[in-house]
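> Just need the structure, nothing else, for what follows:
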Amino acid sequence: MYADETKLIVTATVAAVLVALVVSGCGGGAGPAALGGGTVTGYIQHIVTGQGIGGMVVTIGGRQGTSTTPNGAFVVTGIAAGLQNVTVTATPELIPAGPIPPVLVSASQAYAMPAPILVAYREHDPPAHP
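Below is the predicted model:
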């Protein structure tokens, strides 16, 4: 009887682990952002001066990063894999100087944006040219 009880406990434990793995793989777990999501780094610069702009917030694929550093650097982590939109929350005076291209994020990989995101003063700076 003791061997049968042990076998039953082991079988129940294995079944519980398998169910947990299946559920977490079907959206019941932490999700792609927490399980090896990608990281994107980049800079925000003023279109005319080239100076980095601090205090801006970059969101990629719905994941919000911290405010940019004084030199305009940003990092967004835990981004789901795939082609993700990039948005910048600027101050009332500053706006993106043109369209921001989406980024292709790979799970558990770091990606550095190839060019800075340019911002401009709402009423004084010329628009960016693609």
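
> from memory residue 72 sits against residue 58, does it?
No - using C-beta atoms under 8 Å, residue 72 makes no contact with residue 58, being 10.1 Å away. For every residue, glycine as well, the C-beta is placed using N, CA and C.

> what residues are up against residue 82?
61, 104, 105 (C-beta atoms under 8 Å, 6 or more residues apart in numbering).

> Residue 65 now?
Contacts of residue 65 by C-beta under 8 Å, 6+ apart are 57, 58, 59, 74, 75, 76, 77.

> so how far is residue 51 from it?
Residue 65 sits at a distance of 20 Å from residue 51 (criterion: C-beta to C-beta, to the nearest Å).

> With residue 80 instead?
Counting by C-beta to C-beta, the gap from residue 80 to residue 51 is 32 Å.

> My guess is residue 70 contacts residue 52. True?
Yes - contact criterion C-beta under 8 Å: residue 70 and residue 52 qualify, at 6.8 Å.

> So residue 108 belongs to a strand, correct?
No - counting by DSSP: H, G, I helix; E, B strand; the rest coil, one finds residue 108 to be coil, located in no strand.

> For it, grab phi and psi.
The phi and psi values for residue 108, taken as degrees, to the nearest 10, are phi 60, psi 20.

> Distance-wise, check residue 118 relative to residue 104.
Residue 118 is 20 Å from residue 104, by C-beta to C-beta.

> quick one on the thing from earlier: of residue 80 and residue 51, give the one with the bigger neighbour count.
The neighbour count for residue 80 versus residue 51, taken as other C-beta atoms under 10 Å, is higher for residue 80 (17 against 12).
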